[in-house]
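Peer 1: fold the following, please.
(one chain, ligands or ions: 1)
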Amino acid sequence: MPKINENFTKIPASYLFSEVARRVNEYKTANPTHNIIRMDIGDIKLPLPDACVDAMIRAANEQRSAVTFRGYGPEQGYEFLRDAIRNNDFRSRGIDIASDEIFISDGAKSDTGNIGEIFSIDNYVAVTDPSYPVYVDTNAMAGRAGEVNTNGMWSNLVYLQCNADNGFTPYLPEIKVDLIYLCYPNNPTGATLTKSQLACWVDYARKHGAIILFDAAYEAFITEDDVPHSIFEIEGAAEVAIEFRSFSKTAGFTGTRCGYTVVPKQVTSRNEKGENISLNSLWNRRQTTKFNGTAYIIQRAAEAVYSPEGKIQVKNLLDYYKQNSNIIRTELIKAGYTVFGGINAPYIWAKTPNGENSWDYFDFLLNKKNIVITPGSGFGHCGQGYVRFAAFGKKEDVYEAMNRLCT
Ligand SMILES: *Cc1c(COP(=O)(O)O)cnc(C)c1O
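Peer 2: All right, here's what the predicted structure looks like:
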């Protein structure tokens, strides 16, 4: 009999979202007529932009004819999409990224989860607390996280504490780490790093030979000038950073599936002999072996995000969610909550009013206000005593929820 990967058995079951679902279903069964408003899920409510759907239909029709039919595409993604990304997401901001530094994928979850494969399991990994669970769990699966304690914390991970005192922006690690996962604008806290704050992280990485894995899934929600959209806006970052992007939250691709990863050619790490090895070529090797590209039809849909109509439609979509964030943030503050985020991110991170623990407050909101949020403690130890409101719902529901909270 084959032995299993024991690392999988150490990972606590995905408690957060299944427990939310369990409690919501239990309540619904007991109270079938109550109108529950969900502000927990990071899934979007508005449909895909027309430009994307039209592009998909055109691309689908091409598959009817032997002349325009597409079979296997390049594992790294089609040139048309990589060029559109290079010009619109980077050149327009004065960043010079080459097309072969861009790898198209089926989303940032896969890429942030898979990137660890190109690094040794001996590396020290830093994650923020709280954080997006994928970073922690995939390192645990690889055997890089060590052993888990009763608080769900791993012995070999370095937790960068984020709390009200530091405005949910972490301090640099006190010990030398090799890999650092940063997600800004942040899920779940909505916090951001300014250019000068992010520059401190790039300096740290350069000084200590660390690599920053920068998750920019929410860059499209940035409203303030001083907040970098890409880590490559910071001088020297191309030597020490890999960046992850997604069309999911930007353009409604949560079900359509497309994202990309930027691995600059200058970014290197050492092999055992002390030689510098290009991470771009390692990631290329990994992708060409394990991935056969994102569907052509989907890549055409993603390309349409950058068309003139696509840009207007995506902006309208984002404006809608930004207004939701603004309403939630403003109303929570009026109601006396201490809140973070919501300005450059679709998440509002609120302290429970009387120091209740996250799950107790979850139960209160579900039972007394029929509002579902995400308990902050599910994202890490430092999330205890906080809850996350997501702004991806319908505006009417957001208003209704805020009314219920304030009465
Ligand atoms: C939603 C999200 C992603 C993107 O996921 P996709 O796989 O592209 O849908 C990546 N990182 C964070 C932090 C997210 O919240």
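
Peer 1: tell me the SS of Arg257?
Peer 2: In three-state terms, and counting by DSSP: H, G, I helix; E, B strand; the rest coil, Arg257 is coil.

Peer 1: looking at it now. What's its pLDDT?
Peer 2: We note a pLDDT of 98 for Arg257 in this prediction.

Peer 1: tell me the bridge partners for whichever residue of the stretch 301-407 of the chain sits closest to the ligand.
Peer 2: Ranked by C-beta to the nearest ligand atom, the top residue of the stretch 301-407 of the chain for proximity to the ligand is Tyr347, at 8.7 Å. Glycine gets a C-beta too; all of them are placed from N, C-alpha and C. Tyr347 forms beta bridges with Ala390, as assigned by DSSP bridges.

Peer 1: check contacts around it.
Peer 2: 186-190, 325, 341, 388-391 (C-beta atoms under 8 Å, 6 or more residues apart in numbering).

Peer 1: how does it look with 7 Å?
Peer 2: Going by C-beta atoms under 7 Å, 6 or more residues apart in numbering, Tyr347 touches 187-190, 341, 388, 390.

Peer 1: tell me which two in those residues are the farthest apart.
Peer 2: Greatest spatial distance among the contacts of Tyr347 (C-beta to C-beta): Thr189 and Ala390, at 12.3 Å.

Peer 1: when the two are compared, which one has more neighbours?
Peer 2: Neighbour count, other C-beta atoms under 10 Å: between Thr189 and Ala390, Thr189 has more, with 30 against 26.

Peer 1: these two touch, right, the more buried one and Gly341?
Peer 2: Yes - between Thr189 and Gly341 there is a contact at 5.4 Å, judged by C-beta atoms under 7 Å.

Peer 1: need the overlap of contacts for those two.
Peer 2: Residues touching both Thr189 and Gly341 (C-beta under 7 Å, 6+ apart) are 347, 349.

Peer 1: surely Ala126 is within a strand?
Peer 2: Yes - under three-state DSSP, Ala126 falls within a strand.

Peer 1: which residues of the stretch 151-300 of the chain lie near the ligand?
Peer 2: The stretch 151-300 of the chain comes close to the ligand at residues 183, 187, 215, 217, 246, 248-249, 254, 259, as judged by C-beta under 6 Å from any ligand atom.

Peer 1: model confidence score at the nearest residue to Leu157 once chain neighbours are set aside, please.
Peer 2: Residue nearest to Leu157 in three dimensions, not counting chain neighbours: Ala145, with 5.2 Å by C-beta to C-beta, 6 or more residues apart in numbering. If you check Ala145, the pLDDT there is 97.

Peer 1: now do the SS call for Ala145.
Peer 2: coil.

Peer 1: count the residues that sit near it.
Peer 2: Neighbours of Ala145 under the rule other C-beta under 10 Å: 24.

Peer 1: gap between it and the ligand?
Peer 2: Ala145 sits 18 Å away from the ligand, going by C-beta to the nearest ligand atom, to the nearest Å.

Peer 1: isn't that residue right up against Val158?
Peer 2: No - the pair Ala145 and Val158 fails to qualify as a contact (C-beta under 7 Å) at a distance of 10.5 Å.

Peer 1: might one say that Asp12 is in contact with Met153?
Peer 2: Careful, residue 12 is Pro and not Asp. No - the pair Pro12 and Met153 does not pass the contact test of C-beta under 7 Å, sitting 10.8 Å apart.

Peer 1: and these two? which has more neighbours close in?
Peer 2: Taking neighbours as other C-beta under 10 Å, Pro12 and Met153 compare with Met153 leading, 16 against 11.

Peer 1: that one touches His381, doesn't it?
Peer 2: Yes - contact criterion C-beta under 7 Å: Met153 and His381 qualify, at 6.3 Å.

Peer 1: let me see the contact set for Leu405.
Peer 2: Contact analysis of Leu405 by C-beta under 7 Å, 6+ apart lists 335, 369.

Peer 1: go with 8 Å
Peer 2: Under the criterion of C-beta under 8 Å, 6+ apart, the neighbours of Leu405 are 331-332, 335, 369, 371.
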